[in-house]
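[1] task: produce atomic coordinates for the following.
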Amino acid sequence: MLIQNQVRKIEQLKKTFTDDYKAKMKSVCINFLTQFGTKDIINNIAKSLIENENQECFLTCEFSDVSCDIIFKREIDFLLESINISHTSAYCKIMTHLIDCVEDWAENNYEGMMRKHKSKIMAASIYIQAKRKDFDHKLIRKTIREICSEARRYLKKNCKNDTNSIEEENQSESDKSNSSKGTRVENDDSDYEEI
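    So this is what the prediction gives:
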């Protein structure tokens, strides 16, 4: 509960500043550090940024059990700002990041995934809907089904390739064992002798 309140306060604080204001403040801070910062201060800031990039953050404050790393969240934000990226492709990227087990996707459909991973599906849905208002429940359902189908096709293709390579190995092993039993050599009379 305490964490959710803190996350809510952070989200409210983020909303108080416009994107234009944030861009101007970043510019002022960079210029200030360039003019007045010492080498040690700038190096410490760089170290701090690198260390913070590996930290986990909540995808949404409604689901505090669903988190991702800060770099991934920034990448998704960047994708959602682009008009060339569809809602579903951004949602697929989030979902396959949160649930990275191909077998899990392949063995289930929408209902099965909702039973197993409801909080992850809902957190990603809320996150996309906050940025793209027309991403509705029908698209969510359709996208989950498509990911499941694609996972089944992927596994079927890879299992088929694995089966073919196993058959080829077995065939080459049987060829080797047959050739080691005896080799036929043609003699001058066109008869074959067993060696």
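
[2] residues making contact with stretch 79-99?
    With contact meaning Cβ atoms under 8 Å, 6 or more residues apart in numbering, stretch 79-99 is reached by 59, 66, 68, 72, 76, 105, 113, 117, 120-121, 123-125, 127-128, 131-132, 134-135, 139-140, 142-144, 146-147. Backbone N, C-alpha and C define where each C-beta goes, glycine included.

[3] which of these count as buried?
    Buried members of the contacts of stretch 79-99, scored by 16 or more other Cβ atoms under 10 Å, are 59, 66, 68, 72, 76, 105, 113, 117, 120-121, 123-125, 127-128, 132, 135, 139-140, 143-144, 147.

[4] please identify the buried residues of stretch 57-73?
    Buried residues in stretch 57-73, counted by 16+ other Cβ under 10 Å: F58, L59, T60, C61, F63, V66, S67, C68, F72, K73.

[5] the residues you listed in helices, which ones?
    F72, K73 (DSSP state H).

[6] and the buried residues of stretch 57-73, which is closest to E11?
    Compare each of the buried residues of stretch 57-73 with E11 using Cβ to Cβ and the shortest gap goes to C61, at 6.0 Å.

[7] where do the strands sit along the protein?
    Counting by DSSP state E, the chain forms strands over residues 56-60, 63-69, 184-186, 192-194, given from the N-terminal end onward.

[8] elements contacting the second one?
    Pointing back at strand 63-69 there. Other helices and strands packing on strand 63-69, by 3 or more Cβ pairs under 8 Å, 6 or more residues apart in numbering; DSSP states H and E, are helix 2-16, strand 56-60, helix 87-98, helix 110-131.

[9] try 6 Å
    Packed against strand 63-69, as judged by 3 or more Cβ pairs under 6 Å, 6 or more residues apart in numbering; DSSP states H and E, are the following elements: strand 56-60, helix 110-131.

[10] many thanks, have a good one.
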